[in-house]
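K.L.:
just to be clear, the model below is a prediction. Sequence and coordinates:
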Amino acid sequence: MKKLVFTVAITICLLLSSLTIVAMKDESEMISSLPDQYFEWQGRVITQLELSDRDGIFIDNSENYLHAKALESYTRAALWLFDYSDSYSYKIESKEMRFTDGRIIIECYVYIKTHSMANPSDVFCEKTNIKYTFSIIKTDNKYYIDKVTTTDLFYSISENEIADIVIMNGADLSDKTAVDDAVEQWLKLRADNAFKMQSNYPDIKIPDLEYEMDYEKLNNDLQTLNNVDNVIESEENGDSALSFKSQASVSTAYNSTSAASYADTYALNNNPLFATLTGDCANFVSQCVWAGYISWNGSMSSSTVQSYIANDYKMVTGQSSNNWYMGPNTGHPNWTGLNSFASFLTNTSKIYGPSGTIFNNNKSYTDLPIILLTPGKAIQMKISSTYDHSAFIYSSTGNTLANKLCAAHTSNQKTTVASFAVVYPYIRLLSFNTSVFAN
């Protein structure tokens with residue numbers, strides 16, 4: 001009898017243990033599935049502007065409401081200014097779960113791709129290694145997302161700008177009506193920009209003849225700057241800014257095709273021969289520019305590129321503050337710093353290194369002639385006072401901002417100038433010329 005009781009007890013214990021393991025597995029899968037539910041919801045927002053079904057995923061708090069409205073607002077603005085997307089896909093590349101202060105934290109790195117409405121074969125935006133962090137809590141025996149943060153600049157910037165408007169209006173972020181009002185103000189700013197875009201709204205005529213004159217002058221200047229004969233002629237006439245060319249040095253043409261090809265190749269995956277920085281956008285742009293001066297191509301061997309880097313080929317060292325170089329571990333601020341690079345580019349007193357021109361400095365992107373946005377050039381962007389992000393144009397499929405394809409790092413992505421214009425009111429253009437190097 002005792003043996004029978006013992007056997008039954010063991011059987012019950014094993015059964016309960018098995019049920020517990022199954023329950024724990026089901027609970028773990030439920031938690032782990034929340035990021036997937038979030039990205040499926042994000043896809044519906046982007047393609048349908050539909051926010052009504054978020055209650056099953058999010059806790060209803062002010063942070064989540066602001067996040068959802070910011071995502072909706074960015075998409076609406078992109079739809080107004082440009083043909084945004086009716087196609088969305090994602091892939092979670094890695095997922096890590098941990099427990100912190102009674103909360104479950106899931107960190108994901110995600111690949112996301114959207115396509116143009118006008119032409120589904122055109123990629124509007126392709127991003128990889130975008131970090132999303134989900135804070136998850138349990139309430140009423142169900143798990144919900146309590147907070148979402150992301151390194152995706154498009155959504156995080158619009159979220160911060162909308163929050164700033166709420167606060168500037170003297171309201172509180174917990175006031176949903178105040179958030180809605182701030183969204184409409186934010187969208188109005190973007191709509192005002194849209195109506196300045198004659199290329200996107202051909203029925204709107206811009207009567208200012210000076211705009212056409214400025215455009216023609218900029219185009220002529222660009223051709224002059226890219227004309228090597230004019231540079232040589234200036235040197236022969238004793239131009240002091242160019243007199244260093246008579247020293248032992250190498251005049252090197254800038255190959256925009258090589259630069260654009262490099263940007264296309266390493267947009268989503270970093271070149272392992274160079275260090276990757278926390279803020280990597282200027283580092284990546286400098287790499288693209290360097291590729292233009294070494295006439296890089298996809299068939300160039302890794303050992304050749306590694307040798308170029310080791311020997312500072314078409315880089316600048318030993319020039320005090322006027323250096324420009326990068327290696328596998330570290331680099332100079334003129335290479336890695338966005339504003340330092342812009343200053344270095346236009347510094348006529350330097351002896352060696354890339355030279356070029358900055359167009360549209362401190363002006364709205366609506367003032368920049370779209371025809372100048374050609375592959376092999378870089379753009380730098382800002383929201384207000386300081387330029388804080390850069391990208392490299394690698395392809396052009398037409399004469400609108402939505403047709404100017406660019407690559408950027410920090411959040412590695414292939415996207416369009418149009419997608420940046422939604423959140424960055426100010427965009428300037430960097431053009432690169434034949435330049436002098438020591439080797």
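P.N.:
Yep, it's here. Note that the coordinates shown come from a computational prediction; the quantities given were computed from them, not determined experimentally.

K.L.:
which elements pack onto the helix or strand containing residue 258?
P.N.:
Residue 258 belongs to helix 256-266 when assigned by DSSP states H and E. Applying 3 or more Cβ pairs under 8 Å, 6 or more residues apart in numbering; DSSP states H and E, we find helix 256-266 packed against helix 281-293, strand 389-396, strand 404-408. From N, CA and C alone the C-beta is placed, and that goes for glycine too.

K.L.:
mind checking how far that helix is from the chain centre?
P.N.:
Helix 256-266 sits 16 Å away from the centroid of its parent chain (Cα atoms, centre = their mean, to the nearest Å).

K.L.:
next one: stretch 345-363
P.N.:
On Cα atoms, centre = their mean, the centre of stretch 345-363 falls 23 Å from that of its chain.

K.L.:
mean confidence score for it?
P.N.:
Stretch 345-363 carries an average pLDDT of 94.

K.L.:
JSON lines for the helices and strands packed on helix 256-266, including distance to residue 329, mean pLDDT and mean neighbour count?
P.N.:
Formatted as JSON lines, those follow (distance: least, Cβ to Cβ, whole Å; pLDDT from 0 to 100; neighbours: other Cβ atoms under 10 Å):
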{"stretch": "helix 281-293", "distance to residue 329": "12", "mean pLDDT": "97", "mean neighbour count": "26"}
{"stretch": "strand 389-396", "distance to residue 329": "22", "mean pLDDT": "97", "mean neighbour count": "24"}
{"stretch": "strand 404-408", "distance to residue 329": "23", "mean pLDDT": "95", "mean neighbour count": "27"}
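
K.L.:
could you dump the ones you listed to CSV with distance to residue 37?
P.N.:
Shown next, in CSV, are those (distance: least, Cβ to Cβ, whole Å):
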stretch, distance to residue 37
helix 281-293, 31
strand 389-396, 30
strand 404-408, 28
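
K.L.:
in the helix holding residue 258, what counts as buried?
P.N.:
256, 258-266 (16 or more other Cβ atoms under 10 Å).

K.L.:
and what of stretch 89-106?
P.N.:
90, 104, 106.

K.L.:
residues in contact with that stretch?
P.N.:
Applying Cβ atoms under 8 Å, 6 or more residues apart in numbering, the external contacts of stretch 89-106 come out as 31-32, 34-36, 39, 42-43, 107-113, 128-129, 133-137, 143, 146.

K.L.:
run the chain-centre distance for that stretch.
P.N.:
For stretch 89-106, the distance to the chain centre is 23 Å (Cα atoms, centre = their mean).

K.L.:
pretty sure residue 354 sits against residue 253.
P.N.:
No: taking contacts as Cβ atoms under 8 Å, residue 354 lies outside contact range of residue 253: 11.7 Å.

K.L.:
so between those two, which is more surrounded?
P.N.:
residue 354 (27 against 13; other Cβ atoms under 10 Å).

K.L.:
residue 325 versus that one, what's the distance?
P.N.:
12 Å (Cβ to Cβ, to the nearest Å).

K.L.:
same check on residue 27?
P.N.:
53 Å.

K.L.:
neighbour count for those two, which is higher?
P.N.:
residue 325 (21 against 13).

K.L.:
nearest residue to that one other than its sequence neighbours?
P.N.:
Nearest non-adjacent residue to residue 325, counting by Cβ to Cβ, 6 or more residues apart in numbering: residue 315, 3.9 Å away.

K.L.:
CA atoms only: put the strand of greatest length in the chain into PDB for me.
P.N.:
For the chain, the strand with the greatest residue count under DSSP state E is strand 123-139. Provided in PDB are the C-alpha atoms of strand 123-139 (Å, rounded to 0.1, in the frame of the first residue of the first chain):
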ATOM      1  CA  VAL A 123      13.000  51.000 -51.900                       C
ATOM      2  CA  PHE A 124      11.900  54.000 -49.900                       C
ATOM      3  CA  CYS A 125      13.900  53.000 -46.900                       C
ATOM      4  CA  GLU A 126      16.000  50.000 -45.900                       C
ATOM      5  CA  LYS A 127      17.400  49.800 -42.400                       C
ATOM      6  CA  THR A 128      19.400  47.200 -40.500                       C
ATOM      7  CA  ASN A 129      20.700  46.800 -37.000                       C
ATOM      8  CA  ILE A 130      18.000  49.300 -35.700                       C
ATOM      9  CA  LYS A 131      17.800  48.800 -31.900                       C
ATOM     10  CA  TYR A 132      14.400  48.600 -30.200                       C
ATOM     11  CA  THR A 133      14.100  48.200 -26.500                       C
ATOM     12  CA  PHE A 134      10.800  47.000 -25.000                       C
ATOM     13  CA  SER A 135       9.900  47.300 -21.300                       C
ATOM     14  CA  ILE A 136       7.200  44.700 -20.500                       C
ATOM     15  CA  ILE A 137       5.000  44.300 -17.500                       C
ATOM     16  CA  LYS A 138       2.300  41.900 -16.400                       C
ATOM     17  CA  THR A 139      -1.100  43.100 -15.500                       C
END
